[in-house]
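Trainee: Dropping a prediction and its sequence here:
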Amino acid sequence: MPKKTFARLALSLALASASLLLSAQQKTATLTIHANQPLHSVSPTLYGLMTEEINYSYDGGLYAEMVRNRTFRGDWSGILYWYLVENGNALARMQADATTGPSAALPASLRLDVEQADAKNQAGALNVGYWGFALHPDTTYKGSFYAKAAGSDLGPVTVSLVSDDTGKDVATATVSGVGTDWQRHEFTLKTGAIEASAKYHLALTVGHPGTLWLQLVSLFPPTYHNRPNGFRIDLMEKLAAMHPQFLRFPGGNYLEGDRIVDHFDWKKTIGPLVDRPTHPSPWGYPSSDGMGLLEFLEWCEDLHMQPVLAVYAGYSLKGDHVNPGADLEPYVQDALDEIEYVTGGPSTRWGAERIKDGHPAPFQLTYVEIGNEEWFDKSGSYEQRYTQFAKAIRATYHSLQLIATAPVKGQKPDVIDEHYYVRATQNFHDATHYDPPASSSEPRWDGGHYDKAERTGPKVFVGEWATREGAPTPNFGAALGDAAWMTGLERNSDIVIMASYAPLLVRVDPGGMQWETDLIGYNAMKSYGSPAYYAQVLFGSYLGDQVLASKLENAGPKLFYSITRDVAKKGLYLKLVNGSTDALPVSIDIDGAKLASTAKLVSLHANDTQETNSIDDPTRIVPVESTLHDVSASFHHTVPGLSIQVIEFNEQ
């Protein structure tokens, strides 16, 4: 055979082989949807939020306070994040003073001794904020501080926002009337046509010799819904876009603390800020307790979420535990008091306390979680501790649903909290984790699979979960793993009634992160959603009310789906997740519904699993909307490689 003919034959055979291989790789999957056969309701509380004080999520993050270390905590080097100001020929010194403060909760203060100063050469202290003070043009900032002076001749205190680059004031206020007794003083700072930047600091100075004591120096930008002591607007807006239905608070490890004495003691987090003593958090920095119990509840109110109240159950991270019985009883009573603060009326002790704190109406409460990750308790005491809490709570609050955080055999919990931190591959393999078992006495048809989760036990709360790939925030590979997992949660939302990604927030400045792979990143000036965040937005935005009967065949190992109906909107929501790099064709057959000829398609796509968003490239991967035409009861759709899609069908 001539060489050219042989070469052509070899090429033809190679092309034919490649074509057959491609055809095999792109074998069309078949998805059959029975729109007139709802299997069960979708849990209306399926997707929510879980946060804790980690990665500067509260202080330096969601909690909008701009002053870092407003209560003047120090170490061997001095008072942290505060520095002496000596303008011109001014002379002064500053130090921590443990002998005086404005309250029993804050018994210490910063002492400023001014030896020489005048109106043009002032002395005082400056604060550098959380990686700077983020200022915007033509914006009003509201602040306050507690102060006293050694004598009546010290004169006014000048409060200034100062440019790091030029040393010039960009906003100034003068506070008069500082006397010899502790008093709270308020001020307002208004910027003009300045550059939006975080390269500013706050200074408090005086122009006369004397001694000044300061405590609880605070400054807030405009906050979400203009709440005093409130939350950062851009982060709240991102959370609102997720359509969360609940908030699990005050957090996991943050609830427990490293030691028993460090747990979230809610009674020390209510009332005026001057009566909140602050406490250590487990992640290496202290909590200001500016976000106390009432602030968490108001957060629920602002985003129309149900509170999921976690109560301390007597176990802390370093292994300390409280013995069941008499030793545990004060903690049980604390939990009962906390529930009363949340739900009680004016005739109750703690309901009256909430009213005094500024919220007359009680909050609606359905779920109380007892402890956090109690499977780590090596003492084996959780069974008894849970039982003691459960009996006491149920005796007074009959309708509350109780959540256990480890398996218990005695008092059956209403809900069990399960946590999963895995890689994308594991979520691909485990997307059927909660599918019913084939041997169940009450089998449920679910995506063509019968698998593991029995329907006779407690309901499930996936209280913490994430695909841990990418830092500081998830990459697209993580988003794919998350989306595959969420299709399983939706299909099984008869048993999985709540789920919340964790951690939610991360400060992306150097030193701001203690845990990798967090949903939303931010610095002082701006924030961004990761690809996994936008997957959460898609799933929360197109949830539906009913899970429909369906079957997926010939799909391969990396195509995942869920199908729900929104009864009120007369819509079907089909979610498709393709974790493969290849496009996957799907034949979609829908019976039992008359569909409009067009449908909305929302796609989240990347070129590689490592592609991601960042603080400097925040919208590289975002959902894109388009329209599908010629939709019918039977049509073909190709899911691009590395894609998460939602198709919204309209029923006529």
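Mentor: All right, it came through fine.
Trainee: From here on, just use CA atoms for contacts and neighbour counts.
Mentor: OK.
Trainee: Tell me the buried residues in stretch 516-533?
Mentor: By neighbour count on 16 or more other C-alpha atoms under 10 Å, the buried set for stretch 516-533 is 516-525, 527-533.
Trainee: and those residues, which of them are in helices?
Mentor: Counting by DSSP state H, the buried residues of stretch 516-533 place Pro531, Ala532, Tyr533 in helices.
Trainee: what sits against the first one?
Mentor: By C-alpha atoms under 8 Å, 6 or more residues apart in numbering, the contact list for Pro531 reads Pro474, Asn475, Phe476, Ala479, Thr612, Asn613, Ile621, Val622.
Trainee: and with 7 Å instead?
Mentor: Pro474, Asn475, Phe476, Ala479, Thr612, Asn613, Ile621 (C-alpha atoms under 7 Å, 6 or more residues apart in numbering).
Trainee: ok, the residues you listed vs Ser587, which is closest?
Mentor: Checking those against Ser587 by C-alpha to C-alpha gives Ala479 as the nearest, at 24.7 Å.
Trainee: Rounded mean pLDDT for the helix or strand harbouring the closest one, please.
Mentor: Under DSSP states H and E, the secondary-structure element containing Ala479 is helix 476-491. The pLDDT scores in helix 476-491 average 98.
Trainee: Give me the residues contacting that helix.
Mentor: Against helix 476-491 from outside (C-alpha under 7 Å, 6+ apart): 42, 424-425, 427-428, 431-432, 434, 446, 466-469, 496, 531-532, 535, 547, 560-562, 577, 579, 606, 609-612.
Trainee: re the thing from before, dump the contacts of Pro531 to JSON lines, plus distance to Val631.
Mentor: Listed next are the contacts of Pro531 as JSON lines, based on distance: C-alpha to C-alpha, whole Å:
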{"residue": "Pro474", "distance to Val631": "34"}
{"residue": "Asn475", "distance to Val631": "33"}
{"residue": "Phe476", "distance to Val631": "29"}
{"residue": "Ala479", "distance to Val631": "28"}
{"residue": "Thr612", "distance to Val631": "32"}
{"residue": "Asn613", "distance to Val631": "33"}
{"residue": "Ile621", "distance to Val631": "27"}
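Trainee: pLDDT value on the spatially most central residue of the chain, please?
Mentor: Centroid-nearest residue in the chain: Leu504, 3.3 Å away (criterion: C-alpha atoms, centre = their mean). On pLDDT, Leu504 comes in at 98.
Trainee: Identify the residue nearest it in space, chain neighbours excluded?
Mentor: Leaving aside its sequence neighbours, Leu504 sits nearest to Leu519 (C-alpha to C-alpha, 6 or more residues apart in numbering; 4.9 Å).
Trainee: That neighbour and Ala241: what is the separation?
Mentor: Look at Leu519 and Ala241: by C-alpha to C-alpha, to the nearest Å, they are 13 Å apart.
Trainee: Can you give me the distance of the nearest residue to Arg73 once chain neighbours are set aside to Asn475?
Mentor: Distances taken as C-alpha to C-alpha, 6+ apart place Ile79 nearest to Arg73, at 5.9 Å, with adjacent residues excluded. Remark: distance between Ile79 and Asn475 (C-alpha to C-alpha) = 39 Å.
Trainee: So for the two, which residue has more residues nearby?
Mentor: Asn475 (27 against 18; other C-alpha atoms under 10 Å).
Trainee: now the residue lying closest to the more buried one once chain neighbours are set aside, what's its secondary structure?
Mentor: Setting aside the residues directly before and after it, Asn475 is nearest to Thr612 in space (C-alpha to C-alpha, 6+ apart), at 4.6 Å. Three-state call for Thr612 (DSSP: H, G, I helix; E, B strand; the rest coil): coil.
Trainee: Kindly report the same for Tyr331.
Mentor: Quick answer, by three-state DSSP: Tyr331 is helix.
Trainee: what's the burial count for it?
Mentor: 18.
Trainee: host element of Asp113?
Mentor: strand 109-116.
Trainee: rewinding a little: what's the overlap in contacts for Leu519 and Ala241?
Mentor: By C-alpha under 7 Å, 6+ apart, no residue touches both Leu519 and Ala241.
Trainee: just the helices in this structure please.
Mentor: 3-25, 233-240, 253-256, 293-302, 329-343, 349-356, 382-396, 424-429, 476-491, 531-541.
Trainee: would you list the ones you listed in JSON lines and tack on distance to Gly592?
Mentor: Formatted as JSON lines, the helices of the chain follow (distance: least, C-alpha to C-alpha, whole Å):
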{"stretch": "helix 3-25", "distance to Gly592": "31"}
{"stretch": "helix 233-240", "distance to Gly592": "34"}
{"stretch": "helix 253-256", "distance to Gly592": "48"}
{"stretch": "helix 293-302", "distance to Gly592": "39"}
{"stretch": "helix 329-343", "distance to Gly592": "45"}
{"stretch": "helix 349-356", "distance to Gly592": "51"}
{"stretch": "helix 382-396", "distance to Gly592": "45"}
{"stretch": "helix 424-429", "distance to Gly592": "30"}
{"stretch": "helix 476-491", "distance to Gly592": "19"}
{"stretch": "helix 531-541", "distance to Gly592": "24"}
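Trainee: So which of those helices is the most surrounded?
Mentor: helix 476-491 (a mean of 28; mean count of other C-alpha atoms under 10 Å).
Trainee: what's the nearest residue to Thr348 if we skip its chain neighbours?
Mentor: Ranked by C-alpha to C-alpha, 6+ apart and with sequence neighbours excluded, the top spatial neighbour of Thr348 is Glu340, at 7.4 Å.
Trainee: just Glu625 next, same as before
Mentor: Val602 is the one closest to Glu625 (C-alpha to C-alpha, 6+ apart), at 4.4 Å.
Trainee: Touching, that neighbour and Val622? I think so.
Mentor: No: at 9.9 Å, Val602 and Val622 do not qualify as touching, with contact defined as C-alpha atoms under 7 Å.
Trainee: rewinding a little: hmm, which of the contacts of helix 476-491 are the buried ones?
Mentor: So, by 16+ other C-alpha under 10 Å, the buried ones in the contacts of helix 476-491 are 42, 424-425, 427-428, 431-432, 434, 446, 466-469, 496, 531-532, 535, 547, 560-562, 577, 579, 606, 609, 611-612.
Trainee: quick revisit: show me what contacts the residue nearest to Leu504?
Mentor: For Leu519, the contacting residues are Thr473, Pro474, Pro503, Leu504, Leu505, Gly529, Ser530, Ala532, Tyr533, by C-alpha under 7 Å, 6+ apart.
Trainee: measure it to Asn554 for me?
Mentor: 33 Å.
Trainee: what's the answer for Thr609, then?
Mentor: Per C-alpha to C-alpha, Thr609 is found 24 Å from Asn554.
Trainee: need the contact list for Tyr421.
Mentor: Trp465, Ala466, Thr467, Arg468.
Trainee: Please flag which of the residues you listed sit within strands.
Mentor: When those are checked against strands (DSSP state E), the matches are Trp465, Ala466, Thr467.
Trainee: Isn't the first one up against His419?
Mentor: Yes: with contact defined as C-alpha under 7 Å, Trp465 reaches His419; the gap is 5.5 Å.
Trainee: List the buried residues for the strand holding Asp113?
Mentor: Quick answer for strand 109-116 (16+ other C-alpha under 10 Å): Ser109, Leu110, Arg111, Leu112, Asp113, Val114, Gln116.
Trainee: hmm, who's touching that strand?
Mentor: 72, 90-98, 100-101, 123-124, 208-215.
Trainee: Need the buried ones from these selected in ChimeraX.
Mentor: Here is the ChimeraX command that picks out the buried ones among those, judged by 16+ other C-alpha under 10 Å:
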select :72,90,91,92,93,94,95,96,97,100,101,123,124,208,209,210,211,212,213,214,215
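Trainee: ok, back up a step: how much space separates the residue nearest to Thr348 from Phe363?
Mentor: Distance check for Glu340 against Phe363: by C-alpha to C-alpha, it reads 10 Å.
Trainee: do the same with Ala335
Mentor: Taking C-alpha to C-alpha, one finds Ala335 at 16 Å from Phe363.
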